[in-house]
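Visitor: Structure, please.
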Amino acid sequence: MDAAIKLFLHDGFAETSVDAIALAADVSRRSVFRYFATKEDIVLTWAMSTGPDLVRELDVLDCAVDPVQAALCAVTRHVERHGAEHAVSLALGQLIERTPSLRARAHEKYLGWEDLLSQALTDRGATSVAGRMAAALAVSGLRIAVREWIASEGRHPVGDFLAEAYRPFSSLIP
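Guide: Coordinates of the predicted model:
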């Protein structure tokens, strides 16, 4: 996956062949397809890979009392803790925006994160409806912030856009 991401960012998505990915990863072409049905799946898997870290942010929060507050805090903390990856995330986000097949699949990441966050909130005491709503709100804000960040070409930190997206709920974020 890492070898493929490097190639996509260096050479372009369409220009990177599965054979090139296999060569760079020192595996067979067949091995690439054993783990990923399509090149788009590689990008989606990379993008989804920090979802469990997002859920772990809930461990120190009281999700049953206010699931919206917990979800907003978890996403905010997650973005702050993954600052070292922001440059790669920006470059990959730009690649996704200019590649129609990736752009069509990008929403899967957010839906996946929403499901993970919703289930985690419910597991920690929120009702199903409250957990789903809180996750949808938090992840939608993140999606909007990331799109604005990409459109700005990273001139401002993604956290600034997230803070702006969450501003109407700022009283909930410590």
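Visitor: And for A165, the neighbour number?
Guide: 22 (other Cβ atoms under 10 Å). In this view, the C-beta of every residue, glycine as well, is placed from N, C-alpha and C.
Visitor: my guess is it meets L137, correct?
Guide: No: checked against Cβ atoms under 8 Å, the pair A165 and L137 is beyond contact range at 10.0 Å.
Visitor: what's in contact with stretch 50-62?
Guide: Outside stretch 50-62, the residues within contact range by Cβ atoms under 8 Å, 6 or more residues apart in numbering are 69-70, 73-75, 77-78, 81-82, 85, 112-113, 116-117, 120-121, 124-125.
Visitor: Pull out the buried members of those residues.
Guide: Buried by 16 or more other Cβ atoms under 10 Å: 69-70, 73-75, 77-78, 113, 116-117, 120-121, 124, out of those.
Visitor: mind listing which of those are in helices?
Guide: Taking DSSP state H, the ones among these that sit in helices are 69-70, 73-75, 77-78, 113, 116-117, 120-121.
Visitor: so which of these comes closest to A25?
Guide: W113 (26.0 Å; Cβ to Cβ).
Visitor: Quickly note the distance from the closest one to V18.
Guide: 27 Å (Cβ to Cβ, to the nearest Å).
Visitor: same thing with P157?
Guide: Taking Cβ to Cβ, one finds P157 at 35 Å from V18.
Visitor: Likewise for V146?
Guide: With Cβ to Cβ as the criterion, V146 and V18 are 28 Å apart.
Visitor: Just give the closest residue to the residue of the chain most remote from its centre, not the sequence neighbours.
Guide: Relative to the centre of the chain, the most outlying C-alpha is that of S28, 28.4 Å out, by Cα atoms, centre = their mean. Closest residue in space to S28, ignoring its immediate chain neighbours: A22 at 5.9 Å, by Cβ to Cβ, 6 or more residues apart in numbering.
Visitor: my read: the one you found touches R29, true?
Guide: Yes: assessed by Cβ under 8 Å, A22 is found in contact with R29 at 4.6 Å.
Visitor: who's more crowded, the two?
Guide: Shown here are A22 and R29; by other Cβ under 10 Å, A22 has more neighbours (18 against 14).
Visitor: Can you give me the buried ones in whichever helix or strand that one is part of?
Guide: Per DSSP states H and E, A22 falls inside helix 18-25. By neighbour count on 16+ other Cβ under 10 Å, the buried set for helix 18-25 is 18, 21-22, 25.
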